[in-house]
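Visitor: Okay, here's the prediction I keep looking at, along with the sequence it came from:
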Amino acid sequence: MLVHAFIRSECEEAAVREALPKASDAVRATAGDLITTTMSTVGKDFSESPRSPAEIESYADAMADMFCAYLRSLGKR
């Protein structure tokens, strides 16, 4: 299950690797580092308590909205 989840996430991540095509390498690197660090840190903290499927869905949706807004703001610079 872990390997399947990992491969699925890598495939889904491929689209994100195409984000900000007009941004500099430095901007893309900073955005990638910030998003990766945030996901890892927040995900670890969030997962340390039992969560219902609805809580997980709601939290993940909120994080996704936050990252999308961040990426959109970078794309407008």
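Guide: Perfect, I can see it now. Since we're looking at a predicted model, the values are computed, not measured.

Visitor: Which parts of this protein are helices?
Guide: 2-16, 25-47, 53-75 (DSSP state H).

Visitor: any chance of those helices in TSV, plus mean neighbour count?
Guide: From N, CA and C alone the C-beta is placed, and that goes for glycine too. Shown next, in TSV, are the helices of the chain (neighbours: other Cβ atoms under 10 Å):
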stretch	mean neighbour count
helix 2-16	9
helix 25-47	12
helix 53-75	12
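
Visitor: Switch the ones you listed over to TSV; also include mean pLDDT.
Guide: Converted to TSV, these look like this (pLDDT from 0 to 100):
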stretch	mean pLDDT
helix 2-16	84
helix 25-47	91
helix 53-75	94
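
Visitor: Excluding chain neighbours, what is closest to M63?
Guide: V42 (6.8 Å; Cβ to Cβ, 6 or more residues apart in numbering).

Visitor: Dihedrals phi and psi, S24?
Guide: Main-chain dihedrals, S24, degrees, to the nearest 10: phi -70, psi 160.

Visitor: count of neighbours near it?
Guide: 10 (other Cβ atoms under 10 Å).
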